[in-house]
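> based on what follows, work out the 3D shape:
(one chain, ligands or ions: 1)
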Amino acid sequence: MPRRERNKFVKRGEILTLRIEDYAFGGKGISKIRNEHGEFVVFIPNTLPGQLVKAQVRKSSKTYAECKLLEVIEHAENEVDVPYQDIPGAPYINLPIEIQHEYKRKSTLELFKRIGKISDIETKLDEFIPSPNTFHYRNKMEYGFSAIGYDRKLKTDVDEFTLGFKKRGTWWCAENLDKDSGLFDAQVEDHLKHIRAYCKSTGLAAWHAPRKEGFFRYLVVRKSYHSNQLLFNLVTTSHELAQFDLKAFSKYLIELFGDRVAGFLHTINDEIGDRTIATTGSIQLIYGENKIVEHLLGLQFEISMKSFFQTNPKCAERLYAKVVDYALEDKSAIDNSVVLDLFCGTGTIGQILASKSNNTQIIGVDIVKSAIEDAKENANRNGIEGLKFFAADVGKFLVEHPQYNNTIRTIILDPARAGIAPKTLKKIINIKADRLVYVSCNPATQARDTEQLVLAGYKLKKMSLVDQFPHTSHIETIALFEK
Ligand SMILES: C[S@@+](CC[C@H](N)C(=O)[O-])C[C@H]1O[C@@H](n2cnc3c(N)ncnc32)[C@H](O)[C@@H]1O
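Here you go, the predicted model:
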């Protein structure tokens with residue numbers, strides 16, 4: 001057996017000090033190590049060109065290494081101060097938004113060239129759409145309780161009742177959020193330290209991730225930009241629930257936020273894994289309503305805790321307007337036709353499209369039951385007819401409904417970050433629609449699917465990029481494919 005060649009540049013686990021030279025898709029900074037053996041590429045997520053960073057080698061091959069960021073030692077020249085607490089969810093908040101846009105535009109197009117094999121992708125770019133709000137744009141935040149905190153001065157873990165976010169690169173310890181992060185609601189985040197003090201004063205423990213025990217797990221908050229109201233969901237384990245007064249906690253929330261509190265829910269989650277919290281466990285309404293209402297492009301949408309809803313609703317209006325523009329570009333393929341809205345969530349896109357077309361029947365499919373229930377209620381509330389919603393896996397749904405093959409002209413696709421499963425994509429291709437309007441929150445999976453769609457005879461006609469998530473590496477894309 002050939003001996004594995006020793007890496008001449010880095011060792012696994014080694015801690016390096018690196019200057020970031022370039023930016024790759026997904027927020028990976030690129031650094032290069034040069035020595036007598038040549039040049040070696042190192043990727044470090046959440047870093048920016050110009051920064052000097054300390055990073056630890058996680059994986060390495062003959063040609064490149066992947067590192068974990070430990071610390072930014074020197075900031076880049078183009079970074080500016082902002083009056084917010086820095087959090088792992090906003091690694092680029094110090095970078096002027098125009099520069100963020102440029103990095104996102106360039107790296108996304110490169111991805112479509114490399115993975116999607118679209119060599120002339122620049123000519124397909126229709127528009128780069130910025131978010132109307134650069135700060136305070138999110139409508140949902142998930143704060144975690146932790147029995148292990150982090151002392152920034154001492155640079156070490158400490159036993160401390162914590163409420164905030166996981167420290168970057170760790171799963172066992174968190175950092176308190178003491179003030180506004182600039183991403184969500186300033187009042188909620190300025191009061192988070194008071195909520196933490198209230199919970200701590202009960203004597204019940206915060207979740208201890210290594211031991212997998214504790215009472216308080218998460219606090220999830222949803223906000224409506226239309227009503228300015230808030231919906232709270234406290235996630236705890238069940239063991240010491242008798243010692244926690246849920247009604248008193250809802251009163252405390254009302255003391256802090258007054259009539260902004262639309263409702264308070266309690267979720268029991270005894271699972272030991274740190275999985276998505278708002279969607280697991282049994283959920284119970286303690287106070288007020290279990291939903292909030294958001295307005296988008298003149299339509300109303302009720303959103304429950306478990307349903308997917310675009311995180312930046314003001315920017316989602318721009319995203320949806322573009323999706324509908326692409327769909328309506330060939331109105332003959334929409335009016336008096338059946339349109340599939342696959343991965344439809346709460347049915348937002350289908351409803352907006354139906355409200356702007358004539359005699360169109362929209363078939364919405366999503367795997368989350370509560371999202372489909374919300375979609376049906378929303379369509380009723382908005383008085384839009386001609387919509388049918390199904391709670392099902394898209395792949396299974398298409399097998400069970402062969403009547404759509406060869407009869408559909410337009411399909412809207414908006415899958416989750418993992419993208420469309422290859423078998424499901426084949427079924428979608430088999431429908432033989434003329435046009436696909438494909439929305440994605442993960443261009444890497446969309447670029448992968450683009451190659452398959454082109455092989456199946458589709459052409460990428462144009463695409464737009466939407467900055468739904470300022471200060472992160474994420475970008476939303478809308479691609480129009482035609483036969
Ligand atoms: C990015 S969201 C799109 C939601 C919607 N278009 C909107 O803008 O509100 C992706 C949706 O895909 C759904 N989903 C994920 N996997 C699925 C599957 N295999 N079959 C059906 N729906 C799925 C999720 O529940 C989620 O609502």
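
> contacts and neighbour counts: CA atoms only from here.
Will do.

> give me the pLDDT for D274.
If you check D274, the pLDDT there is 69.

> who in the protein is up against the ligand?
Contact residues (CA under 6 Å from any ligand atom) of the chain with the ligand: 308-310, 343-346, 348-349, 365-368, 392-394, 414-416.

> mind listing the strands for the stretch 351-483 of the chain?
Counting by DSSP state E, counting those that start in this stretch, the stretch 351-483 of the chain has these strands, from start to end: 361-366, 387-391, 410-413, 435-440, 459-466, 476-482.

> now those in a markdown table, with mean pLDDT and distance to R217?
A markdown table is the format used below for the strands of the stretch 351-483 of the chain (pLDDT from 0 to 100; distance: least, CA to CA, whole Å):
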| stretch | mean pLDDT | distance to R217 |
| --- | --- | --- |
| strand 361-366 | 97 | 28 |
| strand 387-391 | 97 | 29 |
| strand 410-413 | 98 | 34 |
| strand 435-440 | 98 | 30 |
| strand 459-466 | 98 | 33 |
| strand 476-482 | 98 | 30 |
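
> can you put the ones you listed in a markdown table and add mean neighbour count?
Shown next, in a markdown table, are the strands of the stretch 351-483 of the chain (neighbours: other CA atoms under 10 Å):
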| stretch | mean neighbour count |
| --- | --- |
| strand 361-366 | 24 |
| strand 387-391 | 21 |
| strand 410-413 | 24 |
| strand 435-440 | 23 |
| strand 459-466 | 21 |
| strand 476-482 | 22 |
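
> among the residues of the chain next to the ligand, which lie within helices?
Within the residues of the chain next to the ligand, residues falling in helices by DSSP state H are 348-349, 394.

> going by distance to the ligand, which of these wins?
V394 (4.0 Å; CA to the nearest ligand atom).

> thought the closest one was touching T424?
Yes: counting by CA atoms under 8 Å, V394 touches T424, with 7.0 Å between them.

> okay, the two: which has more neighbours?
Between V394 and T424, counted using other CA atoms under 10 Å, the more crowded position is V394 (24 against 17).

> and that one, how far from N290?
Note on V394: its distance to N290, by CA to CA, to the nearest Å, is 28 Å.

> what's the neighbour count on the closest residue to A65 other than its chain neighbours?
Distances taken as CA to CA, 6 or more residues apart in numbering place V42 nearest to A65, at 4.8 Å, with adjacent residues excluded. The tally of other residues near V42 (other CA under 10 Å) stands at 22.

> please apply the same query to K396.
Neighbour count of K396, defined by other CA under 10 Å: 11.

> for the one 10 residues further on, same thing?
For N406, the tally of surrounding residues (other CA under 10 Å) stands at 12.

> quick check, it in contact with I428.
No: using CA under 8 Å as the test, N406 is too far from I428 to be in contact (10.8 Å).

> could you pick out the longest helix of this protein?
The chain, longest helix under DSSP H: helix 97-114.

> could you list every helix and strand in contact with it?
On a contact count with 3 or more CA pairs under 8 Å, 6 or more residues apart in numbering; DSSP states H and E, helix 97-114 meets strand 22-24, helix 443-455.

> lowest-confidence stretch among those?
Of all those, the minimum mean pLDDT falls on strand 22-24 (a mean of 89).

> for that strand, what is the distance to the chain centroid?
Averaging C-alpha positions (CA atoms, centre = their mean, to the nearest Å) puts strand 22-24 21 Å from its chain's average.

> residues contacting it, please?
If you take CA atoms under 8 Å, 6 or more residues apart in numbering as the criterion, strand 22-24 is touched by 29-31, 48-49, 103, 107.

> then stretch 428-448?
Contacts of stretch 428-448 (CA under 8 Å, 6+ apart): 108, 111-112, 115-116, 323, 326-327, 398, 404-420, 453, 456, 474-483.

> change it to 7 Å
111-112, 115-116, 323, 326-327, 404-406, 408-419, 475-483 (CA atoms under 7 Å, 6 or more residues apart in numbering).

> can you give me the end-to-end span of it?
Note: stretch 428-448 ends 15 Å apart using CA to CA.

> now do stretch 25-40
Distance between the two ends of stretch 25-40: 19 Å, counting by CA to CA.

> and for that stretch, what's in contact with it?
9, 18-24, 41-49, 63-64, 107-108, 111, 473-474.

> of the helices and strands packed on helix 97-114, give the one that comes closest to Y252.
Between Y252 and the helices and strands packed on helix 97-114, the tightest spacing by CA to CA is seen for helix 443-455, at 42.3 Å.

> now do that closest one against helix 97-114, angle only.
Going by axes from the mean of the first three to the mean of the last three CA atoms, to 10 degrees, helix 443-455 is angled at 40 degrees with respect to helix 97-114.

> quick one: buried residues of stretch 103-116?
Of all the residues in stretch 103-116, those buried under the rule 16 or more other CA atoms under 10 Å are 103-105, 107-113, 115-116.

> nearest to the ligand, of the residues you listed?
Closest to the ligand, out of all of the buried residues of stretch 103-116 and judged by CA to the nearest ligand atom, is T108, at 18.0 Å.

> list the contacts of that closest one.
By CA under 7 Å, 6+ apart, the contact list for T108 reads F25.

> mind running it again at 8 Å?
Applying CA under 8 Å, 6+ apart, the residues contacting T108 are 25, 443.

> now do the one 3 residues further on
Each residue near L111 by CA under 8 Å, 6+ apart is listed here: 25, 443-444, 447.

> tell me how far it lies from L253.
Computed as CA to CA, the L111 to L253 distance reads 45 Å.

> could you do L353 as well?
Taken as CA to CA, the span from L353 to L253 is 38 Å.
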